[in-house]
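>>> any chance you could fold what I've pasted below:
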Amino acid sequence: MSTKKWSVDPTHSEIQFKVKHLMITTVTGYFKEFSASAESQGNDFSDAKISFEAKTASIDTNNQDRDNHLRSGDFFDAENFPVLKFESESMTRKDDSTFELKGNMTIKDVTKPLTLVAEFGGVMKDPWGNEKAGFSLSGKINRKDWGLNWNAALESGGFLVSDDVRIFCEIQLAEQA
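Next up, the predicted model:
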């Protein structure tokens, strides 16, 4: 079977994260500028090789002050670390529609293992004859593992920002000629 090359279709994909604020509500953010590619054996993504990159300055939480703070040295330090990266090590099929995606995430030059659940939506030709594949990815990280340590203690106890960050991605890949 031949190797297929895929690239992300950014108009039909999104990279989202969620983090607790004041430990009572959840703030959602996105990376607006990103790229991803994959190599697979045909339409079977078992053992696919996947790489992903997002520009840290493209973070968007729908609040300019918060976004600027996230771009600062307190968090992503976008000026000195303009991208975060993920490189897969394995993609293991768990059942007909679920994979376990393991790899390494690099943020601020700190590389740590990351495991995501990848729900496979299938492969379909669009109206223009282009072959597309769809995935919904989810996982959770502790932001402090990557040096995103800033926080503020609350007078009533607890902290302003949770250490846990939930990751949700909707990815549509387009086969490359």
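>>> all strands for the protein, in order.
3-8, 14-21, 25-31, 34-41, 44-55, 59-60, 83-93, 98-107, 110-125, 131-142, 161-175 (DSSP state E).
>>> so what secondary structure elements neighbour the longest one?
Put plainly, it is strand 110-125. strand 98-107, strand 131-142 (3 or more CB pairs under 8 Å, 6 or more residues apart in numbering; DSSP states H and E). No exception for glycine: its C-beta is placed from N, CA and C like everyone else's.
>>> quick one, grab the pLDDT at A36.
Listed pLDDT for A36 reads 96.
>>> doesn't D9 make contact with it?
No - counting by CB atoms under 8 Å, A36 stays clear of D9, with 9.6 Å between them.
>>> can you add distance to N63, mean pLDDT and mean neighbour count and give the helices and strands packed on strand 110-125 back as a markdown table?
Listed next are these as a markdown table, based on distance: least, CB to CB, whole Å; pLDDT from 0 to 100; neighbours: other CB atoms under 10 Å:
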| stretch | distance to N63 | mean pLDDT | mean neighbour count |
| --- | --- | --- | --- |
| strand 98-107 | 21 | 97 | 18 |
| strand 131-142 | 22 | 97 | 17 |
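>>> tell me what M124 is bridged to.
Beta-bridge pairing of M124 under DSSP bridges involves K132.
>>> E175: what's it in contact with?
Going by CB atoms under 8 Å, 6 or more residues apart in numbering, E175 touches K4, K5, W6, N130, E131, K132, A133.
>>> could you redo the last one with a cut-off of 10 Å?
For E175, the contacting residues are 4-7, 38, 40, 43, 123, 125, 130-133, by CB atoms under 10 Å, 6 or more residues apart in numbering.
>>> buried subset of those, written for PyMOL?
Selection command for PyMOL covering only the buried members of the contacts of E175, criterion 16 or more other CB atoms under 10 Å:
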select buried, resi 4+6+38+40+123+132+133
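>>> picking that back up, make a markdown table from the helices and strands packed on strand 110-125 and add distance to H69 to it.
Below are the helices and strands packed on strand 110-125 laid out as a markdown table (distance: least, CB to CB, whole Å):
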| stretch | distance to H69 |
| --- | --- |
| strand 98-107 | 16 |
| strand 131-142 | 19 |
